[in-house]
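[1] Fold the following, please.
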Amino acid sequence: PTPIWIVWLAVNVFFIAFVIIMMYYGSLVKSNKIINLAMVFFVLDILSRYIGFWMDLSGYFAFSLLAMGGGALLIGGALVMPKWYKKLTKNR
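    Okay, the predicted model is just below:
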């Protein structure tokens, strides 16, 4: 149903916005602990969405698409996250 999708989308947008604000605040007050906490919440959100999509989809084709997309996301994240983290925690 459409209302459920709208609420789901709004909650996800709100959560990602909150994580971005946490990272900005952590870099503003120069606190690595806040930045680390925001990164942990970001990774947990991505993992929970991945598992949720996996449970919603059925069949081998849908699972293979999800596995390939998740693999690409993990590889991309592994390349981008260390650079992003170093930029956020620079001069601390």
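
[2] In this protein, what helix or strand scores lowest on average pLDDT?
    helix 60-88 (a mean of 79; mean pLDDT, DSSP states H and E).

[3] What average pLDDT does the helix or strand where Pro3 lies get?
    Pro3 is part of helix 2-28 when elements are defined by DSSP states H and E. Averaged across helix 2-28, pLDDT comes to 87.

[4] could you say what helices and strands that helix packs with?
    Counting contacts by 3 or more CB pairs under 8 Å, 6 or more residues apart in numbering; DSSP states H and E, helix 2-28 packs against helix 32-56, helix 60-88. Placement of C-beta: from N, CA and C, glycine included.

[5] for those, which one ends up most surrounded?
    helix 32-56 (a mean of 14; mean count of other CB atoms under 10 Å).

[6] dump the residue contacts of Tyr25.
    Applying CB atoms under 8 Å, 6 or more residues apart in numbering, we find Tyr25 in contact with Ile34.

[7] hmm, back to that, by how many degrees do the least confident helix or strand of the chain and helix 2-28 diverge?
    20 degrees (axes from the mean of the first three to the mean of the last three CA atoms, to 10 degrees).

[8] Give the buried residues for the helix holding Pro3.
    Buried positions in helix 2-28, judged by neighbour count with 16 or more other CB atoms under 10 Å: 19, 22-23, 26-27.

[9] Please name whichever of the helices and strands packed on helix 2-28 is nearest to Asn12.
    helix 32-56 (7.5 Å; CB to CB).
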